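Q: test case, fold it:
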Amino acid sequence: MRQIVLDTETTGLEWKKGNRVVEIGCVELLERRPSGNNFHRYLKPDCEFEVGAQEVTGLSLEFLADKPRFEEIVDEFLAYVDGAELIIHNAAFDMGFLENEMALSGREPLAGRVTVTDTLAMARERFPGQRNSLDALCRRLGVDNSHRHLHGGLLDAQILADVYIALTSGQEEIGFGLPETESAGGAGLVQAFDAAVLLPRPRVVATASELQAHEARLERLRKKAGHAWWDGEKQEEAVTA
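A: Model (predicted):
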């Protein structure tokens, strides 16, 4: 499944109060690596910024005046994300705004076209009781965000992609060093199991002194119990051989 790391910027904190999306930034991951096929659009909101929101994003209505409205880019956006897994930090916020934009454009809910993974929920599970903002996770996971002076859709999506990879590194990264061969249909790479690449199993051989000690112990068992279980096993092996 394609993974799309997504972030939005908005005119305020609540779409229910009439706030709108002003920026969408997406980074595509293929096999957990950025493909370079990103999606980035500024949008004209047709509403005012809430107090403080403009300072956070650095955007202005003047800058956005000649940008397309969401309904003008919705087809392009849907074609880009269709069928993908969306990776979003605090997904309820972004999905709430995007679903509102979809409804205002007369479209079916976005949730029917994609799956959503919330990195905030993942971080809270991994780091309970700690701050799990994007900046806090960057510090904790060693992700460089020194170039982040303002919130930006594409910039934050790029940073979140690094955070997501760091959060989920582990079993997905384990490789067994086996060669990769192209599948018959050419659709991708599959792991090929080749017994020839396995190292030979070690063969352990008892030393002369170990064999002597073993026989001495068996002799003590014979004197104590009349026989040794090992003798019975050897006789059975001789019969069935």
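Q: hey, where'd the helices end up in this structure?
A: All helices of the chain, identified by DSSP state H, fall at 53-57, 61-64, 70-81, 91-104, 119-126, 134-141, 153-168, 208-225, 229-240.
Q: what residues of the biggest strand by length in the chain count as buried?
A: Secondary structure assigned by DSSP state E gives strand 21-30 as the longest strand of the chain. Residues of strand 21-30 classed as buried by neighbour count (16 or more other CB atoms under 10 Å): Val21, Val22, Glu23, Ile24, Gly25, Cys26, Val27, Glu28, Leu29. To be clear about C-beta, it is placed using only N, CA and C from the backbone, and glycine gets the same treatment.
Q: closest to Arg113 among those residues?
A: Here the nearest of these to Arg113, counting by CB to CB, is Cys26; it sits at 13.9 Å.
Q: which strand residues bridge that closest one?
A: Leu6, Phe39 (DSSP bridges).
Q: is it true that Val5 touches Ile165?
A: No: at 9.6 Å, Val5 does not count as touching Ile165 under the criterion of CB atoms under 8 Å.
Q: comparing the two, which residue is more hemmed in?
A: Under the neighbour definition other CB atoms under 10 Å, Val5 and Ile165 were set side by side, and Val5 has more, 28 against 19.
Q: rewinding a little: out of the buried residues of strand 21-30, which is nearest to Leu137?
A: Val27 (16.1 Å).
Q: and that closest one, what pLDDT?
A: Val27 is assigned 95 on the pLDDT scale.
Q: likewise the one 4 residues further on?
A: Model confidence at Glu31, given as pLDDT, is 92.
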